[in-house]
Structure formats: C-alpha cells, structure tokens
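Undergrad: Provided below are the primary sequence and the corresponding predicted coordinates.
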Amino acid sequence: MRYLPLTPADRAEMLATIGARSIDELFVDVPAAARKAELFDLPLHAGELEVERELAGLAALNRPAGAGPFFCGAGAYKHHVPATVDHIIQRSEFLTSYTPYQPEIAQGTLQVLFEFQTQVAALTGLEVANASMYDGSTACAEAVMMAQRVTRRKKAVLSGGLHPHYAATTQTIAHAEGMEIVRQAAAIDAEAAVLDAIDADTAAVVVQTPNVFGVVTDVTKIAEAAHAAGALLIVVTTEAVSYGLLKSPGEMGADIAVAEGQSIGNGLNFGGPYVGLFACREKLVRQMPGRLCGETVDAEGRRGYVLTLSTREQHIRREKATSNICTNSGLCALAFTIHLSLLGETGLRQLAALNHAKARELCDALAAVPGVEVLTPRFFNELAIRVKGGAARTVEALLADGVVAGVPFSRLDPSAGLDDVLLVAATETTSTEDIQAFAQALAGRTA
Amino acid sequence: MTMLNVGRPTRPDGAAESAGHTSLTGGRGLLQDEPLIFELGGWSKTGVDLAAPSQDASDLGDLVRSAPIGLPGLSEPEAMRHYVRLSQKNHAIDLALYPLGSCTMKHNPRLNEKMARLAGFADLHPLAPQSTVQGALALMDRLAHWLKTLTGMPAVALSPKAGAHGELCGLLCIKAAHEANGQGHRRTVLVPTSAHGTNPATAAFVGYSVVEIAQTQDGRVDIADLAAKLSPDVAAIMVTNPNTCGLFERDVIEIARLTHEAGAYFYCDGANFNAIVGRVRQGDLGVDAMHINLHKTFSTPHGGGGPGAGPVVLSAALAAHAPAPWVVSGPDGLRLVEETVDEAAQGFGRMSAFHGQMGMFVRAYAYMVSHGADGLRQVAEDAVLNANYVKARLSPVMSPAFPEGPCMHEALFDDAWLEGTGVTTLDFAKAMIDEGFHPMTMYFPLVVHGAMLIEPTETEPKQELDRFCEALIALAHAAKAGDADRFKGAPYLAPMRRLDETLAARKPKLTWRRGDNGVAPAPLAAE
C-alpha cells in the first residue's frame, strides 16, 4: 500500500522493541465482542490509476458550470480564479500545516491571516475581522448568537430578503440555544419590513444586501432604528465581489458584517469548502467567535504574529466559550487573500463594475423576452425574474437547449409561494453569446 | 583554507564565530524578512487584466461606494514571491513528523488534490439542476456507504463542516429525538474531564448544562461516577474513544448500556477514529452518534486550520432526525432531499447553506478507495504500532502518564520526569523546534500534569520515528544535565524566537492600519 511506509521487517522489529508478540496484543483493550477478525465488506486497496478512473467517471456524469451558458447564483458564484492562487495554496507549507499553535514555525500562515483580517475589515468597512468561519451561513448564525451575548437579549429578526438557507441555518442553531427567531416572509424588496419588528427585546436585526433576490439596499435607516432600540444590525452579503462597487456595511451603520467569501479565490466545489467572512466594531471584539490573529514581538523584538484572545475559545474556556468552532477555513482564507492581493483596489473595482455591467446586459436581454418580468429594481450581478409556467419547469426546459437558466426560488424556499420566480446571475465569466443563447431559448419556450 | 582555482574559499573559516550573528536586514539566509502586503507600496497596482465594462453603474445612484476601500494590489510576480516567502516560514507534514496528539497529521496524497480539481467536481454549482450533478450525488452516496460500513451505523449526515460542527449536528439530533419522544426536559450532558474543549463548548452552545465525569487512575471513564450522575435529566454523554489519553475505553459497552438504561444517548467524539478504523465499529459498541473528522482519519489536508469536514454517523434511534440535505435513490436517478417537508423523516433543520464540504468528500473518498478494506485496517494497526514504538523508546527517559498496557494511536507523557530541571513542558516543546520537529500537543488532556501527547500516525517510516525519538532522548538528557538555557530561550533556530502572547492579548492589534510601523500613510485612491 503506497501510503504506508512500514515493512514487515520494520513491524517485527518494532513489536520486539515494544515487547509485544503480535499487533493484536496492542488492541487488547478493545472488548472481545467488538474485535473484528475479518475485513469489512468493502473493496480492497486500489492503485492510483484505478482510483482516477473511478473518480473521473463520476466527474464526467456532471455538467460543470463552465460547460456552457450558466446563470446560477443564489449564494455561490462562478468567477475566474487566477492560476497563481491554486499554485500557492498547493504549496506543502500551506496545504499540509496545522492550525498555527506554534507561532515560531507558523509565521507564514499567521501573517496571511493578519493580511486576511485586514482585507476583510477594509471590505466591510468595520474595524476588526476574524480569521474566517466555515461559510457565510454559519457566520450568520454565529453573528446572531454574538448579538445575544452583547445585548443579553433573546430575539433576532431575520429579513425576508435573507437567503432562506441562511435563515434556516440560523434558526436551527440559534433556536437550540433558546433564542427567539422571527423570520419574515420572503419578498423581493423585504428590507423595510424589519423596521416594524424591532422592539426592546430585539438583540439583532439581520438584513442581506444584495439580498437573495439581488436587490441592493441602503440599510442606513435600519441601522438607526436598530441602534435606537439598543439592538445590533447584522449585514449579510453572499457575493463578496459586490464590496468592490457598493457602499460597505460599516459605512451604512452595521455592527457586524458577515459574508460568503467563495467568490474571491475559491471555486464552486458543489457547495464547499467555502470561507465565511466575519467583521465587527472594535468594541465588540471580545464577544467575537472564531480564531483571531494578532501582532506581537518575539524575544528579539522582531514583529511577528500569534493566535490571540484565545480566552474566548473552546480549548481554554470550554463550556463558557463564545463558540465551539475549532477548525475553520484556513486554506480558503489563504486563497481569498492571494486573489484579493492580485486584484487590489483597482482590480476589485474593475471586477465589480464588470459583474454589474454583465448583469445589466442580462437584464436588458431578458426584459426584452415577451412574458418575462424583471422583479429586481436595483441589482449588483444577480436579479429575480418572473417566468410563465413556473421557474423550476423553465430551468428544466432550458436544459434541453444547453442553458442552465438559474436557481428557481422555490428550490430555496418551497413554501414561499414564489414558484414563478427565477434567480439569475451574471459574472465576468458570462459572455454576450451566453446571454443571447439564454434570451433566445427563453423566448422559444415562452412563445 | 581550501580554495577553488578562482580563489573562492570552499570551506568555512573555522575561526568565524556564528553564534549571535545577525543579518543587516532582518532576514535569515533564504528566509527574507517579508513585509505585509500593505507595506509593499502597491496601492495602484493590480495583478489581473480584466475587460472593460460595457455599461456603467449609474442605475445604482448613491448605493455606489464613494470612499476608497484601502486594498493594496500586487503584480503576479510580486504576489508569487510574497506568498512563497511566507510559506517558507511554516512547518508542514511534508517537511517532517508533526506529532500533534488528537490532530492526526498524516501524509496528504496528491492524487486526492488532483481528483478534487476535476472540473466535474470543482466547477459544480451547489444549486445546479440535479440532473446535471448525478456524479456528485453518486460520490456522496458512495462516501456515505463507506462511512456507514466502517462504523457499522445505519445513517450518516454529511453536511457538517468540521469536527465541532459535527458535534453540534449530533447533539441537535439527540435533542430532536428527545423532544420527539417526550423527553425534551432533559437538560444535562455528561462529559469526562479529559474531553476536548469542543465537547463542553458544543453542549453549552445547544443550551445544555455540562457535568463532568471523573476519570480512573488508569485513564478511563469512572463507571461508578458515571452511574451516579446518570439521572433522568441527562440527555447524552459525550465520550471520546479511543480517549484523549490515547487509551481505549475498555468498559465502553457497559458505558453504552448504562447510558441507554438511563434514557440518554451516547455521543462519541470521533477525533481518534484513526486508531481503530477498519478494525472496530462504533455500531458494535453502542454508540448513537459520532462525527468523523475527514481531515484527520481520511487525510484531507489541514490547510493551516481548515477547511475540515465532520460527517456524523447515526444509530437507528437518531437517523430520522438527521438534518437536510441527504441523497436518496429514485426512478430518475439520485435525488438530493433539501427540505424535510413531505418527507418521512423529521430533520431538525439545516447545518449550513449547502450540502457540506464536497471538496473534502472527493479527497476522503479517493483516500478510502485507495486504501480499501485491507489498507484501512493496516492504517489503524500501523498508527497504533508507531505510537507504542515511540512510547517504548521514550519511556526510559520520559515518564509515560499511563505506563501499564499498550496505548492506542498516541502516547501520553506527563512532566514528572522534568521535575527539578527548571525546564517546563513548553520549554521542552520549543527546544524540539530547534531540532526540526513540530512540538507535540501540550498541556492537553487537562487531567495529566504538563501533558505531552504524541501522535505519530501510520505514515511515518521507522527511520523518521527513530530520528524523532533520538532527538527527544538527546533533549531529555540535556534537560537532566542542567542545560536549561537550551530550553528557556528556545527556539533559537526557527524563523522567529519565542513570541510574546501576553502582549498580543493585552493590546490586541488585529489589523494593519495606516501609519503603522513608520510607514507613511499611502495614497488611498487607486484611480
């Protein structure tokens, strides 16, 4: 077996050093009833060639996003990632290292985390950011729990524009801890409705911009209302590239900003691994979940970095920790940081402008199709349209024309009664030909 | 002095004193003193070339950002050099033994990286039409089959994104099951004193109160104490097996029996599954739920702190409460169930936005298929053999916490042998860095004083184990010989000397800010 270095002679010699006659003697503490003498009912080991064949066979059954016109978004976006990113994250020293518990021999990872935190703080317009969460949805749930700790209140109001899977994740996790989650009905322009639900028991208001229907909202007034009631405003973003064009959450008064960072540096990967961004006001930092990297000096006075404020964390505080998180999303954060370093301010702004322009082009093309109604009044790179005959059936029908038309809203929230709403996204990878193919296929189906 | 015929000396001048030598620029040989990206002056640079947009953003009015973001950019060669230089300041499993107990730092096969990057997996959108992702669903189904077979459990929830997330999933299943059975009043979770910090943190996260179970002299759960604390208020016990002392819980079947008799569920922390994979099944031990760290046992890379993946196997009693999504087989092929509406099951909700860590599923599955039933059994045997070999070689100079009997996949030592030397566990660990090895897990488990927990894993050759043991033996002799300076100031030879963690925590500086370190505030806008 190619991954196992010990030879039979090594094993015999080592058993002799240990003073055991057989390997079975080392498993003596396992109850006899649970010791399996025979192999489990699974195939025997396989060579690299055979493994490649099986997996390539499975991969070939899938249609990658890049195979043709493709318009799915709804929390995961197809972007181009520079080749440099994947090369660097595959370097042994980044790929095969552990959480940087020994800072003297982990400065590579730690300095990257410090750069990552600074980039995320800049993007969100807030003072501090952590070293990443699993993804945007779990970051959202953690933000709500954090608001409970900060305000000592139990209620959170989730806007109807929040991605339904984010709402469900938050509901699952925060409800278990005894929070009251008020989940508002899904609606295209849902943000203003949260104002009526804010009261003196509210720990946090959660709004998403651009929201799940693609609507971009200035949440300044919601921030003012939340603060007037002593609540925190949590702003969620599922498309991190939008930070390059739109006002930042911090600028609009957010106390906590969370986001899905997949769009920068990370592939679609069928839903994971992704990277959750988490930033907040500096005064809240001690209630923050997750790892934090901080600057310090070594014994010779040289600048270096360490994991810090670990008294918030499970390995020190155990049941009093701010979160149970341990492993986070280090390598995806590295990919994010490398890609964003390559982009820089100039590149990110260009990329965001390009995404927006592609979406405008898509919007214009679809709006011209008879029977299609554009529902999103102001968007970044994603919009909702109403299609006759149901969105799910439209997606199914357009597949025959080679077009993956987008995400039916009913797939995210079947009970919302929005079966004719289709979410469509465009990015820098979308070509004018893709858009024309989509519009033509849609016209053919709705004619 | 020996010289080349061009006059260049080819041997060092013996008289030159190297100790205490410092460079003029702060670097150390090939290791440059690398600034932060914010200090490289790239405020207007970019390393990407993008097409010009065909339309403007006038439709968005004042929703558009007016203030600069404050992000530096790097050209591609600068970015490559910056991150490669940083990488060289990291230890990695590809460089040497990484004996972090409880973390299972084993070789990461590159075949798995190659497979995860196939466009059919890597470029697949989570919400693409299900008819276009049948291969991905088949992979999830096959992975589930392997995990269920290896653990002897009937169900698995794939979506948790790491071990602690899996613990959360398992406890939420347990909570849902109790509620469905009219037992929702149960408020307590029992956790041994030796548990990972995530166990009590997770129990508290779910709203349970945590009560500790005592440990016996030989490092196992104290059955009498457990029996005394198992009341009608107990919802679950969380036990790691093999436990964090590296020992198998001999009475595990009795622990399960007592737990079930009290109406509680048995959650097993599967962090140490590597010790028994292919040889012992949790289902035969009475376990109700266990997370499996794919990044430990099944070798998906740790990546400097994730991403991981923490699928949870479930007993028949809990299976119906598993969270969405899951894969079922139907007339039109495989189907992903994303909502529990209209399904027979009573899932407790959703762990995250999508279907779990697909990139890790591909890697873990490639790893499993590569090993097969025979190779995985050999994994457990070699992991246990390697740990016992290290324990046997180091026991004459260090003090094993539990000298009697074999250990499983990790060897635990205490600091009794350092008494009187003036050297602490931390000092000893830092001196290991100078010898080229990553320290072992220190001061954990909490039940052993000055604990040193060594997990070599099965992918270490005997020669590397011998080098490692000889280094530790030499250090142990140095400590006992009174060479305290070697330890107190260590590491001397690493990219950095010991870092001031107290300073970092007292005055947290978590981001770079303009004007830091004498760097003049840079022009913000990148017009």
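TA: Arrived safely. If you're wondering where the values come from, they're calculated on a predicted model, not measured in any experiment.
Undergrad: which stretches in the stretch 151-300 of chain A count as strands?
TA: A:155-158, A:180-183, A:202-208, A:232-237, A:256-260, A:276-280, A:293-297 (DSSP state E, counting those that start in this stretch).
Undergrad: Throw these into TSV and include mean neighbour count, thanks.
TA: (Glycine included, C-beta is placed from N, CA and C.) As requested, these are arranged in TSV below (neighbours: other Cβ atoms under 10 Å in any protein chain shown):
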stretch	mean neighbour count
strand A:155-158	27
strand A:180-183	17
strand A:202-208	28
strand A:232-237	28
strand A:256-260	30
strand A:276-280	30
strand A:293-297	23
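Undergrad: quick one: which of those strands is nearest chain B?
TA: strand A:293-297 (3.8 Å; Cβ to the nearest Cβ).
Undergrad: element containing the residue of the stretch 301-447 of chain A found nearest chain B?
TA: Residue nearest to chain B within the stretch 301-447 of chain A (Cβ to the nearest Cβ): A:Gly344, separated by 1.6 Å. Per DSSP states H and E, A:Gly344 falls inside helix A:330-367.
Undergrad: other residues contacting whatever helix or strand comes next after that helix?
TA: On the C-terminal side of helix A:330-367, the closest following helix or strand by DSSP H and E is strand A:373-374. With Cβ atoms under 8 Å, 6 or more residues apart in numbering or on different chains as the test, strand A:373-374 has contacts from A:363, A:366-367, A:383-386.
Undergrad: closest to A:Ala187 among these?
TA: A:Ala187 lies nearest to A:Ala384 out of the contacts of strand A:373-374, by Cβ to Cβ, at 10.7 Å.
Undergrad: wait, that closest one sits on A:Leu423?
TA: Yes. Contact status for A:Ala384 versus A:Leu423: in contact at 5.5 Å, counting by Cβ atoms under 8 Å.
Undergrad: re the thing from before, of the contacts of strand A:373-374, grab the buried ones for PyMOL.
TA: Entered in PyMOL, the line below selects the buried ones among these, by 16 or more other Cβ atoms under 10 Å in any protein chain shown:
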select buried, chain A and resi 363+366+383+384+385
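Undergrad: will you turn the contacts of strand A:373-374 into TSV that also has pLDDT and distance to B:Gln88?
TA: Below are those laid out as TSV (pLDDT from 0 to 100; distance: Cβ to Cβ, whole Å):
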residue	pLDDT	distance to B:Gln88
A:Cys363	98	48
A:Leu366	98	50
A:Ala367	98	53
A:Leu383	98	46
A:Ala384	98	48
A:Ile385	98	50
A:Arg386	97	55
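Undergrad: chain B next: which of the contacts of strand A:373-374 are close?
TA: Of the residues in these, proximity to chain B by Cβ under 8 Å from any Cβ of the partner chain holds for none.
Undergrad: list the contacts of B:Gly278.
TA: A:39-40, B:150, B:373-380.
Undergrad: can you report how many residues neighbour B:Glu419?
TA: By other Cβ atoms under 10 Å in any protein chain shown, 10 other residues sit near B:Glu419.
Undergrad: related to what we said a few turns ago, return the set of buried residues in the helix holding A:Gly344.
TA: Within helix A:330-367, the residues scored as buried using 16+ other Cβ under 10 Å are A:330-363, A:365-366.
Undergrad: what is that helix packed up against?
TA: Judged by 3 or more Cβ pairs under 8 Å, 6 or more residues apart in numbering or on different chains; DSSP states H and E, helix A:330-367 is in contact with helix A:83-89, helix A:92-95, helix A:107-124, strand A:373-374, strand A:382-386, strand A:421-425, helix A:432-446, helix B:76-87.
Undergrad: ok and that helix relative to strand A:382-386, angle-wise?
TA: 40 degrees (axes from the mean of the first three to the mean of the last three Cα atoms, to 10 degrees).
Undergrad: so how far is helix A:330-367 off the chain centroid?
TA: Offset of helix A:330-367 from its chain centre (Cα atoms, centre = their mean, to the nearest Å): 16 Å.
Undergrad: likewise for stretch A:165-174?
TA: With Cα atoms, centre = their mean, you get 14 Å for stretch A:165-174.
Undergrad: before we move on, what about stretch A:103-117?
TA: 21 Å.
Undergrad: that one near chain B anywhere?
TA: Yes. Contact of stretch A:103-117 with chain B (Cβ under 8 Å from any Cβ) involves A:103-109, A:111-112, A:114-115, A:117.
Undergrad: mind saving the C-alpha coords of that stretch as CSV?
TA: Extracted C-alpha coordinates of stretch A:103-117, given in CSV (Å, rounded to 0.1, in the frame of the first residue of the first chain):
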residue,chain,number,x,y,z
PRO,A,103,3.8,30.6,16.1
GLU,A,104,7.6,30.4,15.7
ILE,A,105,7.2,27.9,12.9
ALA,A,106,3.9,29.1,11.5
GLN,A,107,4.6,32.7,10.6
GLY,A,108,3.6,32.0,7.0
THR,A,109,0.0,31.1,7.9
LEU,A,110,-0.2,33.7,10.7
GLN,A,111,1.0,36.6,8.5
VAL,A,112,-1.5,35.6,5.8
LEU,A,113,-4.3,35.5,8.5
PHE,A,114,-3.3,39.0,9.6
GLU,A,115,-3.5,40.2,6.0
PHE,A,116,-6.8,38.4,5.5
GLN,A,117,-8.3,40.1,8.6
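Undergrad: avg pLDDT for it?
TA: Stretch A:103-117 shows an average pLDDT of 98 in the prediction.
Undergrad: where in the chain is pLDDT low?
TA: As the question left the chain open, I've gone with chain A. A:446-447 (pLDDT under 70).
Undergrad: not what I meant, chain B
TA: In chain B, residues with pLDDT under 70: B:1-7, B:9-19, B:341-345, B:516-527.
Undergrad: max-length helix in it?
TA: The residue-count maximum for a helix in chain B (DSSP state H) belongs to helix B:358-394.
Undergrad: what's near enough to touch residue 340?
TA: Since you didn't name a chain, this refers to chain A. The contact partners of A:Leu340, taken as Cβ under 8 Å, 6+ apart, are A:119, A:264-265, A:348, B:71.
Undergrad: switch to chain B, please.
TA: Shown in contact with B:Thr340 (Cβ under 8 Å, 6+ apart): B:324, B:346-347.
Undergrad: quick one: which of those is nearest chain A?
TA: Ranked by distance to chain A (Cβ to the nearest Cβ), the contacts of B:Thr340 are led by B:Ala324 at 8.3 Å.
Undergrad: these two touch, right, the closest one and B:Phe348?
TA: No. Look at B:Ala324 against B:Phe348 with Cβ under 8 Å: they stay out of range, at 9.4 Å.
Undergrad: identify the residues contacting stretch B:439-452?
TA: Contacts for stretch B:439-452 (Cβ under 8 Å, 6+ apart): A:102, A:315, B:99-103, B:193-195, B:215, B:219, B:244-245, B:398, B:401, B:412-416, B:418, B:424-426, B:428-430, B:432-433, B:453-455.
Undergrad: buried subset of the residues you listed?
TA: A:102, A:315, B:99-103, B:194-195, B:215, B:219, B:244-245, B:398, B:401, B:412-415, B:418, B:424-426, B:428-430, B:432-433, B:453-455.
Undergrad: residue boundaries of the strands in the stretch 301-450 of chain B?
TA: All strands of the stretch 301-450 of chain B, identified by DSSP E, counting those that start in this stretch, fall at B:312-314, B:326-330, B:333-337, B:399-400, B:411-414, B:441-442.
Undergrad: which neighbouring elements make contact with the third one?
TA: It stands for strand B:333-337. Applying 3+ Cβ pairs under 8 Å, 6+ apart, one finds that strand B:333-337 contacts helix B:134-151, strand B:326-330.
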